[in-house]
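>>> Build me a model:
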Amino acid sequence: MSVYVGNLSYQVTEDALTAVFAEYGSVKRVQIPTDRETGRVRGFAFVEMSSDTEETAAIEALDGAEWMGRDLKVNKAKPKENKGSFGGNRGGYGGGGNRGGRY
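The predicted structure follows:
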């Protein structure tokens, strides 16, 4: 399981976030998503720690705490939803109607 960290400064780095969470235990991984087009940090991250106990300690200590001028939102990360495709023909196969061919 991992921890969701929201309302992050856009200047946040993996090293800085690791240092904050390391006060509560061993940090296994930090992931800071960036915008595909701009490369800019999206304002949230995921932190994976070695145990649930460490994650709980970090959540209790850091949720609502001010860091880098922002009030952090810290909680258990929810599993990513599998949004799948709803109908439509996203794969580009079949369908398509008349594509310039003869009747």
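
>>> from here on, contacts and neighbour counts on C-alpha atoms
OK.

>>> Residue 75 and residue 69, how far apart?
Distance check for residue 75 against residue 69: by Cα to Cα, to the nearest Å, it reads 19 Å.

>>> Compare the two and say which one has the larger neighbour count.
The residue with the greater number of neighbours, taking residue 75 and residue 69 and applying other Cα atoms under 10 Å, is residue 75; the counts read 19 against 9.

>>> can you pull up the bridge partners for that one?
Counting by DSSP bridges, residue 75 forms beta bridges with residue 4.

>>> Please, where are all the strands along this structure?
Counting by DSSP state E, the chain has strands at residues 3-6, 27-31, 44-49, 66-67, 70-71, 73-76.

>>> pLDDT score assigned to the closest residue to residue 27 other than its chain neighbours?
Spatially, and ignoring its direct neighbours in sequence, residue 27 is nearest to residue 49 (4.5 Å; Cα to Cα, 6 or more residues apart in numbering). The model reports residue 49 with a pLDDT of 97.

>>> List the beta-bridge partners for the residue nearest to the spatial centre of the chain.
Central residue check for the chain by Cα atoms, centre = their mean: the C-alpha nearest the mean position is that of residue 45, 4.7 Å away. According to DSSP bridges, residue 5 are recorded as the beta-bridge partners of residue 45.

>>> for the lengthiest helix in the chain, which positions count as buried?
With residue count as the measure and DSSP state H as the assignment, the chain has helix 52-62 as its longest helix. Along helix 52-62, these residues count as buried under the neighbour rule (16 or more other Cα atoms under 10 Å): 54, 55, 56, 58, 59, 62.

>>> Over to stretch 30-37?
Taking 16+ other Cα under 10 Å as the basis for neighbour counts, the residues of stretch 30-37 that come out buried are 30, 32.

>>> Using CSV, list the CA coordinates for it.
C-alpha atoms of stretch 30-37 as CSV (Å, rounded to 0.1, in the frame of the first residue of the first chain):
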residue,chain,number,x,y,z
VAL,A,30,8.5,8.2,-4.1
GLN,A,31,6.5,8.9,-7.3
ILE,A,32,5.7,12.4,-8.3
PRO,A,33,3.5,12.4,-11.4
THR,A,34,4.2,15.1,-14.0
ASP,A,35,2.0,16.6,-16.8
ARG,A,36,2.7,14.8,-20.1
GLU,A,37,2.7,17.9,-22.2
